[in-house]
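A.B. asks: task: produce atomic coordinates for the following.
(chains A and B)
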Amino acid sequence: DVKVTQSSRYLVKRTGEKVFLECVQDMDHENMFWYRQDPGLGLRLIYFSYDVKMKEKGDIPEGYSVSREKKERFSLILESASTNQTSMYLCASSTPAGSGTGELFFGEGSRLTVL
Amino acid sequence: GEDVEQSLFLSVREGDSSVINCTYTDSSSTYLYWYKQEPGAGLQLLTYIFSNMDMKQDQRLTVLLNKKDKHLSLRIADTQTGDSAIYFCAGRMNSGYSTLTFGKGTMLLVSP
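C.D. replies: Model prediction:
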C-alpha cells in the first residue's frame, strides 16, 4: 500500500524555536509538496520539489524553507517559529506531470502549535 | 493562476443524496479531483475526472463536469453518517509541474 509518512502528528513549540517537519514517501515519487491547512483558507502550497535538491516556492513560502537531500524525504523547516505558523501541515507526493493521473498522495498531517 | 471555488457547508439527512459543487477558472485544467478529509486525518483521493469526460460514476459517487461553465459536481447517493467529512475539489493545470490548486473545502454534515 502506498504511504506518505509524516514524522510527528502533534508538535508544540515556542516562538523563536527552529522546527523541522519530516516527510517520507515509499512510492519512488519524483514530486513532493508541503501544504498548510487553516480553517476557512483551505490548503495553501508552501513549497514543492520535483527532484532531489530541487525546490520551488509555492504560494506562501515566507518564513519557511525546505530540504530534499534524498528522493524519498522532504523536510519543511521553520527557522524561527512564530504564532501565525500554528497550523496543520500536510505533506504529499506524486508522479511527474504527464505520467499517470497526477493525483497527490497525502500524509496524515502534522498539527503544529507555536506558543 | 487557477482559482477553485466551492461552497463551505452542506447538511443532509442520512439516506438523502448530497451534491457538492465546485467552479474553477483555468480552462486548461487536464484533471479535476475530489478529495475527502476525515477529522484529524490527511486527504484521500475519492475520484477524479479527465477533462475530456462529462461524467464519471464510481459506486455511490457520480462526478459531473461542465467544461463550458467550468463547473464540477460530486454527487453522493444514499449518504451515510460515515460520509461526514470535508470534501475538496482540486484542479491540475496543464503546466510543466504537477501542482494542484485546491478549493477551500465543503464540510458535509450527515445527520441520522
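A.B. asks: quick check on the closest residue to B:Ile76 other than its chain neighbours: phi, psi?
C.D. replies: Nearest non-adjacent residue to B:Ile76, counting by Cβ to Cβ, 6 or more residues apart in numbering or on different chains: B:Ser18, 4.4 Å away. All C-beta atoms are positioned from the backbone trio N, CA, C, and that covers glycine. Main-chain dihedrals, B:Ser18, degrees, to the nearest 10: phi -110, psi 140.
A.B. asks: list the residues that contact B:Ser18.
C.D. replies: Residues in contact with B:Ser18 (Cβ atoms under 8 Å, 6 or more residues apart in numbering or on different chains) are B:10, B:12, B:74-76, B:79, B:83, B:108, B:110.
A.B. asks: likewise for B:Cys22?
C.D. replies: B:4-6, B:32, B:71-74, B:89, B:103.
A.B. asks: got a quick PyMOL command for the buried subset of those residues?
C.D. replies: Selection of buried members from those for PyMOL, criterion 16 or more other Cβ atoms under 10 Å in any protein chain shown:
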select buried, chain B and resi 4+6+32+72+73+74+89+103
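A.B. asks: now what about the lowest-mean-pLDDT helix or strand in chain B, what contacts it?
C.D. replies: Least confident helix or strand, chain B: strand B:100-102 with a mean of 89, by mean pLDDT, DSSP states H and E. By Cβ under 8 Å, 6+ apart, the residues outside strand B:100-102 that reach it are A:35, A:42-43, A:102, A:104, B:1-4, B:24, B:26, B:33, B:35, B:88-93.
A.B. asks: before we move on, the earlier item: now the two most distant members of the contacts of B:Cys22.
C.D. replies: Greatest spatial distance among those (Cβ to Cβ): B:Glu5 and B:Leu74, at 14.3 Å.
A.B. asks: interface residues of chain A facing chain B?
C.D. replies: Contacts of chain A with chain B, taken as Cβ under 8 Å from any Cβ of the partner chain, map to A:4, A:31, A:33, A:35, A:40-43, A:45, A:48, A:50, A:56, A:58, A:90, A:92, A:94-97, A:101-109.
A.B. asks: dump the contacts of B:Ser18 to TSV, plus pLDDT, distance to B:Gln57 and secondary structure.
C.D. replies: Output for these, formatted as TSV (pLDDT from 0 to 100; distance: Cβ to Cβ, whole Å; DSSP: H, G, I helix; E, B strand; the rest coil):
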residue	pLDDT	distance to B:Gln57	secondary structure
B:Leu10	97	20	strand
B:Val12	97	19	strand
B:Leu74	97	11	strand
B:Arg75	97	9	strand
B:Ile76	97	12	strand
B:Thr79	97	16	coil
B:Asp83	96	16	helix
B:Leu108	97	19	strand
B:Val110	97	21	strand
